[in-house]
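Participant: build me a model:
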Amino acid sequence: MKDEVDPRGDDVWAVGNKHMTEDAGLNGGSMTDADWKQLAGAATNLQQAALELAGLPDPIVVVKPGTKIAFEDADWGDSAKSVQHNVDQDPQGVRDLANALAQHMADLAAAANKHDAATAGQLINDLDGICESCHVKYWYPSQRGLINSIKKNSGVDPST
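Facilitator: Numbering: from 1, shown residues only. Okay, here's the model as predicted:
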């Protein structure tokens with residue numbers, strides 16, 4: 001996950017961030033054919049990583065034994081062991097979320113191939129929530145309360 005899905009997600013955001021409008025949309029006017037091609041390619045690469053994750057056999061291994069995850073040593077961090085436990089409790093849920101990410105990236109690649117800035121921009125913006133839906137359930141569930149508090153204070157329904 002962290003070695004395949006995460007960096008490929010960063011590649012998608014790199015294109016989106018470079019061409020972001022003031023209202024967090026995608027400025028199609030600043031996108032060149034090369035940018036659209038890069039966005040479609042990044043989305044396809046992330047789609048493939050998500051499909052690979054969805055196809056992993058049981059048990060899904062989060063990290064190699066003895067390897068730490070980001071923020072594991074922080075007071076507020078979750079350990080690789082706890083993340084592995086969460087995944088072991090619901091491997092099909094991980095696969096379902098990975099498949100949802102793969103479909104989302106297929107939609108983004110299609111929008112990029114059509115040079116559809118409105119759709120592509122919305123899909124890029126929605127990617128954070130797609131990622132968070134998995135992360136908060138499996139990777140950092142101890143942060144759920146903080147995330148819900150931030151959402152509530154921002155006027156967003158914490159259940160979303």
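Participant: remind me which helix or strand Ala50 belongs to.
Facilitator: Secondary structure assigned from DSSP states H and E places Ala50 in helix 33-54.
Participant: next structured bit after that helix?
Facilitator: Following helix 33-54 in sequence order, the next helix or strand is helix 80-89 (DSSP H and E).
Participant: show me what that following helix is packed up against.
Facilitator: Packed against helix 80-89 by the contact rule (3 or more Cβ pairs under 8 Å, 6 or more residues apart in numbering; DSSP states H and E) you find no helix or strand. For every residue, glycine as well, the C-beta is placed using N, CA and C.
Participant: tell me how far the helix or strand just after it lies from the chain's centre.
Facilitator: The helix or strand immediately downstream of helix 80-89 is helix 91-113, counting by DSSP H and E. When distances are taken as Cα atoms, centre = their mean, to the nearest Å, helix 91-113 is centred 9 Å away from the chain's centroid.
Participant: do stretch 134-142 as well
Facilitator: Distance, stretch centre to chain centre, for stretch 134-142: 12 Å (Cα atoms, centre = their mean).
Participant: quick one: mean pLDDT over that stretch.
Facilitator: Mean pLDDT, stretch 134-142: 88.
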